[in-house]
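Trainee: my questions are about this predicted structure, shown below with the sequence.
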Amino acid sequence: MDNKAFKYLFSLFLISTCLHQLATAQANYRKIENYKPFYGWAHHFPQDWMILRQFENEGKEYYMLVNPQTLETKINERSFYQVKQMSITQARVFFKSTPYQKALRKAEKQSDAGIESGIPKETGISLTADLCPSHRPLDKRIFTDIFTEFQKVEHPVPVALSVTGVWMRQHPQDLEWLKQMQAKREIYITWINHSFNHRVSLKAPLKENFLLEPGTDMNYEILETEKAMLKNGLLPSVFFRFPGLVSDQQLIYKLTGYGLIPIGTDAWLAKGQQPQAGSIVLIHGNGNEPTGVNDFIKLLKSKAGSIAQKQWLLYDLRESVEEEFESSN
Ligand SMILES: [Zn+2]
């Protein structure tokens with residue numbers, strides 16, 4: 001290829017890459033004001049949405065919305081919708097037969113960490129990796145290895161990351177690296193709120209530890225994390241993971257009162273729990289638990305044949321939860 005042809009092709013490549021990124025990148029909302037819970041029904045033909053939050057950014061008003069059928073969230077300008085404001089109780093009754101509300105009710109019936117598995121008919125798992133505060137760098141092997149194993153069969157590969165406000169502040173370059181993988185459509189990340197501070201005491205009993213520590217401000221832990229996600233160009237989902245997987249009934253109701261679904265795990269790999277079909281697998285992406293990541297990579301290698309035949313896949317957490325509640329009551 002001569003130089004001119006190469007330049008032409010290269011500029012075409014750049015243009016298509018830019019257009020692609022424009023279409024997929026989440027905007028950064030750097031000057032958020034008046035961020036608060038706001039509930040109700042929003043309609044823009046043909047879709048109904050449940051409104052979860054409202055905020056202002058550089059003179060414009062926005063909503064964060066959830067599609068109650070698919071559990072997909074989005075940020076959009078307020079003026080785009082026909083709106084009916086409701087209390088969260090009214091909104092939950094209004095949308096009561098949707099997969100989103102069924103998942104919230106199921107989570108309220110568990111007394112522990114929340115929903116722990118997707119549908120067992122799936123042959124594969126949903127991968128969740130936690131980004132608790134850590135001074136170690138992001139464990140990048142998780143992402144490069146799933147991309148390598150799945151590139152011929154699943155594109156982008158879905159993964160759910162539970163992120164804390166403190167980790168985002170500590171690791172801007174790691175965050176940028178993840179966003180680049182997402183922009184290149186190598187992975188698709190569902191962002192789970194994992195609290196802002198993720199406080200933990202080495203001495204306190206579990207019933208007074210993590211978010212059960214006396215004096216914990218749940219409003220701050222939930223909303224400040226969402227704001228930090230939006231500021232960093234991440235789209236919050238309707239999922240929350242309790243730090244330490246520790247909660248009690250009262251804390252679960254507090255959380256569902258913000259419209260958030262707690263996500264537990266039935267396969268914390270570093271604790272030796274074996275994944276089953278449909279498992280929600282937990283590993284730590286923050287560098288603090290390399291044995292869990294090693295086990296996950298071993299699992300991937302052992303499934304290489306099934307992956308190639310599309311018989312063992314990674315599932316999008318939103319779809320796993322949604323499908324489980326599509327037909328059930
Ligand atoms: Zn954690």
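Mentor: Alright, I've got the coordinates. Residues are numbered from 1 along each chain as shown.
Trainee: hey, let's count contacts and neighbours off CA atoms from now on
Mentor: Will do.
Trainee: three-state assignment of the spatially most central residue of the chain?
Mentor: Residue closest to the mean C-alpha point of the chain, counted by C-alpha atoms, centre = their mean, is Trp191 at 2.5 Å. Counting by DSSP: H, G, I helix; E, B strand; the rest coil, the backbone at Trp191 sits in strand.
Trainee: who's it bridged to?
Mentor: Taking DSSP bridges as the rule, Trp191 bridges to Leu161, Pro236.
Trainee: get me the contact residues on this protein for the ion.
Mentor: By C-alpha under 5 Å from the ion, the residues of the chain that approach the ion are Cys132, Pro243.
Trainee: which neighbouring elements make contact with the single longest strand found in the chain?
Mentor: Secondary structure of the chain per DSSP state E: the longest strand is strand 32-44. The elements that strand 32-44 packs onto, with contact taken as 3 or more C-alpha pairs under 8 Å, 6 or more residues apart in numbering; DSSP states H and E, are strand 47-57, strand 82-86, helix 88-94, helix 218-231.
Trainee: and the angle from it to helix 218-231?
Mentor: Put simply, strand 32-44 runs at 80 degrees to helix 218-231, going by axes from the mean of the first three to the mean of the last three C-alpha atoms, to 10 degrees.
Trainee: so for strand 32-44, mean pLDDT?
Mentor: Model confidence over strand 32-44 averages 98 on the pLDDT scale.
Trainee: buried ones in that strand?
Mentor: Neighbour-count burial for strand 32-44, counted by 16 or more other C-alpha atoms under 10 Å, picks out Ile32, Tyr35, Pro37, Phe38, Tyr39, Gly40, Trp41, Ala42.
Trainee: would you map the strands across the protein?
Mentor: For the chain, strands defined by DSSP E occupy the ranges 32-44, 47-57, 60-66, 73-77, 82-86, 124-131, 157-163, 187-193, 236-240, 261-262, 267-268, 280-284, 313-314.
Trainee: got the angle for the longest one vs strand 82-86?
Mentor: What separates the directions of strand 32-44 and strand 82-86 is an angle of 110 degrees, with the same axes, to 10 degrees.
Trainee: tilt between strand 32-44 and strand 47-57?
Mentor: 160 degrees.
Trainee: surely Gly285 is in contact with Pro133?
Mentor: No: judged on C-alpha atoms under 8 Å, Gly285 makes no contact with Pro133 at a distance of 10.5 Å.
Trainee: higher neighbour count, these two?
Mentor: Taking other C-alpha atoms under 10 Å, Gly285 and Pro133 do not tie; Gly285 has more neighbours (27 against 21).
Trainee: what residues does the more buried one make contact with?
Mentor: Counting by C-alpha atoms under 8 Å, 6 or more residues apart in numbering, Gly285 makes contact with Ala129, Asp130, Leu131, Leu138, Asp139, Lys140, Ile142, Val293.
Trainee: look up how far Ile51 lies from Arg30.
Mentor: To Ile51, Arg30 is 21 Å away according to C-alpha to C-alpha, to the nearest Å.
Trainee: ok, the two, which is more surrounded?
Mentor: Set Arg30 next to Ile51 and count neighbours by other C-alpha under 10 Å: Ile51 wins out with 29 against 14.
Trainee: in the stretch 51-200 of the chain, what residue lies closest to the ion?
Mentor: Residue nearest to the ion within the stretch 51-200 of the chain: Cys132 (4.2 Å; C-alpha to the ion).
Trainee: mind listing what that residue touches?
Mentor: Ser162, Val163, Thr164, Val166, Trp167, His194, His198, Pro243, His284, Asn286.
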